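[1] One predicted model, sequence on top.
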Amino acid sequence: MHNPNYKYKVYPINQAKVEGIVEVSGAKNSVLPIICASFINRKKTHLQNVPNLNDVNVLLNIVKSIGVKSSFLEEQQEISIEEFNFESISINIESDDTRKIRYSLLLMGALLGAGIKEIKINLPGGCGFSERPYDIHLAGFEKMGCSVFEYENHIEIKAVNGLNPSVVELRFPSVGATENLLMAACGVNGVTILKNVAIEPEIIDLIDFLKKLNISIEFIDTRTVKIDSQNKRDIEINHYIIPDRIEAISWVILGALTSDEGICVKNIDINHLFAPLLELQNLGVDFKFENGSIDVKKSKFFNSSDLISDVYPKLATDYLPMFAVLLSMANGTSSIVDTIYPKRFGYLNELQKMSLVYLQKNGEAIIRGNTNYTAAEVTSTDLRGGFAALLAGLLSNGETIITNAYQIDRGYSNLVEKMQKIGIKIERMNA
Ligand code: EPU
């Protein structure tokens with residue numbers, strides 16, 4: 001994983017029998033904010049069910065650069081983070097690692113929540129499939145009493161007199177902004193009300209973590225949350241990360257496309273999956289949920305459909321690349337609209353190189369069904385686009401090469417091992 005130039009070679013399923021058990025790891029989008037939130041605790045934090053992802057290591061490196069030690073036992077899926085004992089009121093995060101991940105953004109809210117009054121941090125990086133603004137994050141900090149200065153390469157936040165109790169209304173229920181502001185609110189000496197917040201399961205996981213510090217966080221209505229940290233206590237915390245819902249659906253779709261014998265996808269929280277499972281049912285996917293697992297096998301045919309992504313609890317944008325491959329095998333023409341990232345169609349251009357027929361019209365992708373995928377060299381546009389290319393490779397007539405493969409490993413823990421365990425032939429090749 002240290003060579004960012006490696007590729008994946010994947011062989012078609014006519015050379016393999018896909019069957020067995022695949023276990024879903026902990027959620028990437030939960031563990032990253034919770035690692036940041038550990039700053040708010042001045043005692044040790046222990047996290048379980050941690051996925052083995054490059055982004056986790058990058059974030060832990062940044063955490064180390066500001067003097068907080070941690071250990072990551074990848075096999076045991078555990079992280080221990082030492083207590084945050086920073087006495088100074090200002091922190092300058094100079095590590096270039098902040099540019100490698102979008103979620104370095106969350107260090108701002110976490111440090112404000114930990115009582116730091118001046119923060120200087122390099123601009124964040126990200127997935128690369130879309131512009132990723134952070135105006136909602138910064139507007140929220142300002143509303144809480146911070147002065148925010150944006151420079152070409154870094155951001156400075158100052159709250160010299162502390163954060164004010166306030167009511168902050170987000171102009172859109174952004175996941176990251178909700179997390180940032182929730183954490184910052186833990187540093188307010190009083191009550192904060194956040195309106196129009198995101199309610200993704202990963203947000204609820206962060207709230208469950210913060211509540212262990214005796215911070216009172218309650219929903220007044222579906223998208224309004226009240227935070228009062230006046231009775232906060234520091235305590236050694238154990239927290240089990242929720243299963244990754246996007247990974248879960250990725251494997252279910254893989255099973256539906258490739259497995260005559262069926263695969264069993266384990267570590268499922270069904271409560272997080274209503275929207276995608278309903279869509280899979282409509283498409284004619286043959287699956288059954290029982291005891292925290294989904295059994296799924298290949299269907300004779302799939303129905304076409306028109307899919308629209310939206311904020312949770314509706315269908316997440318991150319499922320769409322995998323759904324697109326399913327739709328490309330359906331009987332008839334389907335369409336996709338991504339209301340969260342309207343231009344996130346780069347992965348379809350890659351699939352086109354493998355004989356997918358689609359066109360973009362007024363923000364809609366129209367996808368022809370019954371595709372006969374042909375093997376090609378394609379690039380992983382982002383982590384989900386990369387998984388979609390793997391799926392198409394399995395359905396193709398030859399060996400598919402996927403460049404930029406490290407992108408896939410940003411979101412899928414132990415991907416090669418998990419795929420090989422269910423019979424898929426995949427190799428990591430150094431460029
Ligand atoms: N937005 C703004 N301004 C902001 C923040 C967001 O205009 O200040 C816009 C974005 O441009 C986008 C929409 O709001 O159009 C949603 O963005 P959001 O802030 O909710 O996304 P995020 O927090 O940056 C998280 C996930 C993404 C996932 C999105 C949407 C993490 C680490 N990342 O990103 O996950 O696509 O929510 O659900 O939680 C992935 O896992 O593949 C991934 C990219």
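    Received it, and whenever you're ready, just let me know what you need. Numbers count the residues shown, from 1 in each chain.

[2] Show me what from the stretch 151-300 of the chain comes close to the ligand.
    Phe172, Ser174, Val175, Gly176, Ala177, Ala198, Glu202, Ile246 (C-beta under 6 Å from any ligand atom). For every residue, glycine as well, the C-beta is placed using N, CA and C.

[3] which strands and helices sit next to the helix or strand harbouring the fifth one?
    Which is Ala177. Under the criterion of DSSP states H and E, Ala177 resides in helix 175-185. Applying 3 or more C-beta pairs under 8 Å, 6 or more residues apart in numbering; DSSP states H and E, we find helix 175-185 packed against helix 28-37, helix 106-113, helix 135-143, strand 191-195, helix 201-211, strand 224-228.

[4] Convert it to PDB, retaining C-alpha atoms only.
    Only the C-alpha atoms of helix 175-185 are listed here, as PDB (Å, rounded to 0.1, in the frame of the first residue of the first chain):
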ATOM      1  CA  VAL A 175     -22.100  15.400   6.800                       C
ATOM      2  CA  GLY A 176     -18.600  16.900   7.400                       C
ATOM      3  CA  ALA A 177     -19.900  20.300   8.500                       C
ATOM      4  CA  THR A 178     -22.400  18.600  11.000                       C
ATOM      5  CA  GLU A 179     -19.500  16.600  12.400                       C
ATOM      6  CA  ASN A 180     -17.200  19.600  12.700                       C
ATOM      7  CA  LEU A 181     -19.800  21.800  14.400                       C
ATOM      8  CA  LEU A 182     -20.900  19.000  16.700                       C
ATOM      9  CA  MET A 183     -17.300  18.700  17.900                       C
ATOM     10  CA  ALA A 184     -16.700  22.400  18.200                       C
ATOM     11  CA  ALA A 185     -19.900  22.700  20.300                       C
END
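
[5] neighbouring contacts of that helix?
    Residues outside helix 175-185 that contact it (C-beta atoms under 8 Å, 6 or more residues apart in numbering): 29, 33, 36-37, 40, 102-103, 105-106, 108-110, 112-113, 134, 136-137, 140-141, 144, 163, 168, 170, 192, 194, 197-198, 200, 202-203, 206-207, 210, 217, 225, 227, 229.

[6] cutoff 6 Å now
    Residues outside helix 175-185 that contact it (C-beta atoms under 6 Å, 6 or more residues apart in numbering): 33, 37, 105-106, 109-110, 112-113, 136-137, 140, 144, 170, 192, 194, 197-198, 200, 203, 206, 227.

[7] In a markdown table, list the helices and strands packed on helix 175-185 along with mean neighbour count, mean pLDDT and distance to Leu53.
    Shown next, in a markdown table, are the helices and strands packed on helix 175-185 (neighbours: other C-beta atoms under 10 Å; pLDDT from 0 to 100; distance: least, C-beta to C-beta, whole Å):
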| stretch | mean neighbour count | mean pLDDT | distance to Leu53 |
| --- | --- | --- | --- |
| helix 28-37 | 26 | 97 | 6 |
| helix 106-113 | 28 | 96 | 16 |
| helix 135-143 | 20 | 98 | 23 |
| strand 191-195 | 20 | 98 | 28 |
| helix 201-211 | 21 | 98 | 14 |
| strand 224-228 | 19 | 98 | 28 |
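
[8] out of these, which comes closest to Asn414?
    The minimum distance between Asn414 and the helices and strands packed on helix 175-185 falls on helix 28-37, with 12.7 Å, by C-beta to C-beta.

[9] Name the residue of the stretch 201-350 of the chain that lies nearest to the ligand.
    Residue nearest to the ligand within the stretch 201-350 of the chain: Asp318 (4.3 Å; C-beta to the nearest ligand atom).

[10] Look up how far Tyr406 lies from that residue.
    With distances taken as C-beta to C-beta, to the nearest Å, Asp318 is found 18 Å from Tyr406.

[11] neighbour-wise, which of those two wins?
    Asp318 (25 against 19; other C-beta atoms under 10 Å).

[12] Got a PyMOL select line for the buried ones in the residues of the stretch 151-300 of the chain next to the ligand?
    Of those, the buried ones go into a single PyMOL selection, burial set by 16 or more other C-beta atoms under 10 Å:
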select buried, resi 174+175+176+177+198+202+246
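
[13] just the residues of the stretch 151-300 of the chain next to the ligand now: which is nearest Ile62?
    Gly176 (15.8 Å).

[14] Where in the chain is the helix or strand with the lowest mean pLDDT?
    strand 90-93 (a mean of 90; mean pLDDT, DSSP states H and E).
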